[in-house]
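K.L.:
Here is my input; please provide its structure:
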Amino acid sequence: MAALADPDTIFRSVIGFLWLMYVWETYLSYRQRKVYKTQTKLPQELDGIIDEKTFTKARLYSLDKSNFGFWSSLYSQVESSAILLCGGIPYLWQLSGRLMAAHNYGSEYEITQSLLFMLMTSVYSVFTSLPWSLYSTFVVEERHGFNKQTLGFFAWDQTKKFVVMQAIASPIIALLISVIKHGGDYFFIYAWLFVFVTSLLLVTVYADFIAPLFDKYAPLPDGDLRTSIETLAASIDFPLKKLFVVEGSKRSSHSNAYFYGFFKNKRIVLFDTLLEGYVPADAKKEEVEKAKGEEEEKAKEGEEVQKVEQDQVEKAPEGEKKEQKPEEEEEGKDKEEAKDKEEAKGKEEEEEGKKKTGCNNAEVLAVLCHELGHWKLSHNLKNLVIGQVNLLLCFCLFGALIGRAELYSAFGFVTRPVFIGLIIIFQFVFSPYNELLSFFMTVQSRRFEFQADAFARSLRHERHLRAALVKLNTDNLSFPLSDWLFSAYHFSHPPLLERLKALEGATDDSGEHQKVA
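P.N.:
Here you go, the predicted model:
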């Protein structure tokens with residue numbers, strides 16, 4: 001069989017393409033960052049949609065994220081290039097082999113060595129990415145009011161993610177390698193079937209068994225919103241089984257909503273940050289207990305102050321008692337009034353903050369109309385089919401390439417381990433194809449978003465959907481202006497103005513034409 005190319009040419013091509021894509025992405029980010037820097041005033045087309053203060057806050061937040069992204073992507077590019085050029089992948093594979101040999105396990109235990117190699121690369125990745133994650137969470141997100149995590153919560157969350165990921169990935173990788181090694185001439189078909197079934201299984205169990213390890217899910221309380229959602233689901237024959245609220249506010253104030261499940265077992269999940277004024281049951285209980293404790297403490301402080309004043313009066317000379325008491329009482333009243341004003345101001349600020357976030361019931365319902373539009377128009381099914389056809393084609397090509405010794409030699413390998421073959425072919429050889437597919441899926445996603453908006457409009461929820469889009473854009477500090485090329489290449493959702501324009505000419509729930517306000 002003729003060689004694809006000599007190993008050096010293959011390696012240089014991989015490095016060259018990685019840097020080509022980095023330069024392209026950096027150029028796109030530069031164009032978008034230029035928008036953040038130059039668009040300092042609220043443009044006319046946004047007048048009446050968002051205010052100047054929100055526009056400025058969104059611009060600064062986006063600029064901070066863009067600057068952070070520049071440095072983190074530069075580091076990532078340099079790091080990945082250094083790993084390839086210095087032979088980091090074969091080094092870790094050999095190190096895992098030496099550790100195996102130290103415990104009397106030979107090269108015939110390829111699956112065990114592959115799992116050890118995966119563990120080592122995961123540990124390395126966690127430690128090298130940790131400073132960037134900490135800065136993103138506790139500097140960038142914290143600066144703009146989105147981070148709700150403490151260092152302890154962050155550390156525990158990252159630990160759980162690592163352990164859960166290893167617990168899930170290890171048996172999957174072990175079984176996949178076994179299928180490839182023992183699948184015969186049509187191993188690529190069996191490998192695709194295995195991955196397909198496994199992905200469906202993970203989607204099924206994720207929300208019930210995995211997601212609750214990280215966030216608390218609770219049934220949406222009975223009330224107008226729940227009744228409206230159930231009525232909406234029934235009207236379009238959506239087989240709603242359960243309705244949850246997830247306490248995403250413990251880690252971030254960003255909001256979201258989604259549905260999942262197969263066949264007649266659908267669930268809808270709403271982030272608590274999406275719901276205006278929503279307070280979890282546990283939080284309500286804590287607030288009541290806190291208020292009760294504050295009242296008791298306040299009463300205790302009052303009694304202590306009164307006792308001290310009484311002692312001072314009793315200890316004072318007889319002639320001074322009458323003079324001091326009114327003055328002390330007046331001073332105590334002033335302090336009490338100042339304290340009450342400060343507490344009232346704090347409560348007002350807290351209430352004002354609550355009013356500014358989330359959507360009301362009609363707007364939440366409009367958002368769900370959009371989400372359920374994806375189901376009604378079979379967008380999820382179409383994406384599933386596209387993804388699986390693509391995966392099957394990739395496994396077919398993988399089957400043709402896995403025996404090519406020059407691919408392994410290009411990355412410094414003498415042997416041909418299956419797991420290394422998966423990394424080389426899927427991550428590096430397929431990278432040009434993956435970029436094209438990613439762009440196609442982005443274009444497809446934007447098209448689907450417009451269609452889901454049109455579905456919500458067909459149910460006469462366009463006025464509330466417009467209001468919800470503006471609120472979500474404001475709450476998440478999403479900058480409403482974008483460079484056309486950056487947007488076309490990266491945005492899976494159309495920019496705010498494009499979506500509002502598409503909904504502008506539609507009639508609202510009452511049948512009257514509405515302007516976005």
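K.L.:
Check the gap between residue 72 and residue 427 for me.
P.N.:
Computed as CB to CB, to the nearest Å, the residue 72 to residue 427 distance reads 19 Å. For every residue, glycine as well, the C-beta is placed using N, CA and C.
K.L.:
Please say which of those two ends up with more neighbours.
P.N.:
The neighbour comparison of residue 72 against residue 427 (other CB atoms under 10 Å) goes to residue 72, with 16 against 11.
K.L.:
what's the helix or strand for that one?
P.N.:
helix 52-85 (DSSP states H and E).
K.L.:
after that helix, next one along is what?
P.N.:
According to DSSP H and E, the helix or strand after helix 52-85 is helix 88-102.
K.L.:
List the buried residues for the helix holding residue 72?
P.N.:
By neighbour count on 16 or more other CB atoms under 10 Å, the buried set for helix 52-85 is 54-55, 57-59, 61-66, 69, 72, 77, 84.
K.L.:
list the helices and strands that helix packs on?
P.N.:
Counting by 3 or more CB pairs under 8 Å, 6 or more residues apart in numbering; DSSP states H and E, the packing neighbours recorded for helix 52-85 are helix 7-38, helix 110-135, helix 462-475.
K.L.:
just the angle between it and helix 7-38, please?
P.N.:
170 degrees (axes from the mean of the first three to the mean of the last three CA atoms, to 10 degrees).
K.L.:
Quick check: mean pLDDT of helix 52-85?
P.N.:
For helix 52-85, mean pLDDT is 96.
K.L.:
where does that helix sit relative to the chain's centre, distance-wise?
P.N.:
16 Å (CA atoms, centre = their mean, to the nearest Å).
K.L.:
Taking helix 462-475 as reference, get the angle to that helix.
P.N.:
Using the same axes, to 10 degrees: helix 52-85 against helix 462-475 is 70 degrees.
K.L.:
between helix 52-85 and helix 88-102, how big is the angle?
P.N.:
Using the same axes, to 10 degrees: helix 52-85 against helix 88-102 is 60 degrees.
K.L.:
Residues contacting stretch 114-132, please?
P.N.:
The contact list for stretch 114-132, computed with CB atoms under 8 Å, 6 or more residues apart in numbering, reads 72, 75, 79, 92-93, 95-96, 99-100, 158, 162, 165-166, 169-170, 173-174, 177, 417-419.
K.L.:
residue contacts, the closest residue to residue 43 other than its chain neighbours?
P.N.:
For residue 43, ignoring the flanking residues on the chain, the nearest one in space by CB to CB, 6 or more residues apart in numbering is residue 481 at 7.1 Å. Applying CB under 8 Å, 6+ apart, we find residue 481 in contact with 35, 39, 43, 46, 495, 497.
K.L.:
which among these end up buried?
P.N.:
35, 39, 46, 495, 497.
K.L.:
picking up where we left off before, of the helices and strands packed on helix 52-85, flag the one that's most buried.
P.N.:
Mean neighbour counts were compared across the helices and strands packed on helix 52-85 using mean count of other CB atoms under 10 Å; the top stretch is helix 462-475, at a mean of 23.
K.L.:
Output the contacting helices and strands for that helix.
P.N.:
Using 3+ CB pairs under 8 Å, 6+ apart, helix 462-475 is in contact with helix 52-85, helix 361-376, helix 431-458, helix 496-504.
K.L.:
Report the angle between that helix and helix 361-376.
P.N.:
Going by the same axes, to 10 degrees, helix 462-475 makes 100 degrees with helix 361-376.
K.L.:
Remind me what whichever helix or strand comes after helix 462-475 packs against, helices and strands.
P.N.:
Note on helix 462-475: by DSSP H and E, the next helix or strand toward the C-terminus is helix 484-490. For helix 484-490, the contact count by 3+ CB pairs under 8 Å, 6+ apart identifies helix 7-38, helix 431-458 as packing neighbours.
K.L.:
out of these, which comes closest to residue 259?
P.N.:
Nearest to residue 259 among the helices and strands packed on helix 484-490 is helix 431-458 (12.1 Å), distances taken as CB to CB.
K.L.:
And the closest one, what does it pack against?
P.N.:
helix 7-38, helix 361-376, helix 379-401, helix 462-475, helix 484-490, helix 496-504.
K.L.:
Now tabulate the ones you listed in JSON lines and tack on distance to residue 251 and mean pLDDT.
P.N.:
Formatted as JSON lines, the helices and strands packed on helix 431-458 follow (distance: least, CB to CB, whole Å; pLDDT from 0 to 100):
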{"stretch": "helix 7-38", "distance to residue 251": "26", "mean pLDDT": "96"}
{"stretch": "helix 361-376", "distance to residue 251": "21", "mean pLDDT": "93"}
{"stretch": "helix 379-401", "distance to residue 251": "26", "mean pLDDT": "94"}
{"stretch": "helix 462-475", "distance to residue 251": "15", "mean pLDDT": "92"}
{"stretch": "helix 484-490", "distance to residue 251": "24", "mean pLDDT": "95"}
{"stretch": "helix 496-504", "distance to residue 251": "25", "mean pLDDT": "91"}
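K.L.:
Mind putting these into a markdown table with distance to residue 208?
P.N.:
Formatted as a markdown table, the helices and strands packed on helix 431-458 follow (distance: least, CB to CB, whole Å):
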| stretch | distance to residue 208 |
| --- | --- |
| helix 7-38 | 37 |
| helix 361-376 | 19 |
| helix 379-401 | 18 |
| helix 462-475 | 27 |
| helix 484-490 | 33 |
| helix 496-504 | 33 |
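K.L.:
Which one of these lies nearest to residue 193?
P.N.:
With distances scored as CB to CB, the stretch of these nearest to residue 193 is helix 379-401 (9.1 Å).
K.L.:
Can you give the contact residues for the next helix or strand after the closest one?
P.N.:
Per DSSP H and E, the first helix or strand lying C-terminal to helix 379-401 is helix 405-410. Residues from elsewhere that reach helix 405-410, judged by CB under 8 Å, 6+ apart: 3-8, 10-11, 14, 401, 414-416, 420-421, 424-425, 429.
K.L.:
okay if I get the helices and strands packed on helix 484-490 as JSON lines plus distance to residue 114?
P.N.:
Shown next, in JSON lines, are those (distance: least, CB to CB, whole Å):
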{"stretch": "helix 7-38", "distance to residue 114": "21"}
{"stretch": "helix 431-458", "distance to residue 114": "22"}
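K.L.:
can you tell which of these is closest to residue 144?
P.N.:
Going by CB to CB, the one of those nearest residue 144 is helix 7-38, 13.5 Å.
K.L.:
before we move on, back to that, any idea which of the buried ones among the contacts of residue 481 is closest to residue 109?
P.N.:
residue 495 (52.6 Å).
K.L.:
isn't that closest one right next to residue 484, touching?
P.N.:
No: the criterion here is CB atoms under 8 Å, and residue 495 misses it with residue 484 at 9.4 Å.
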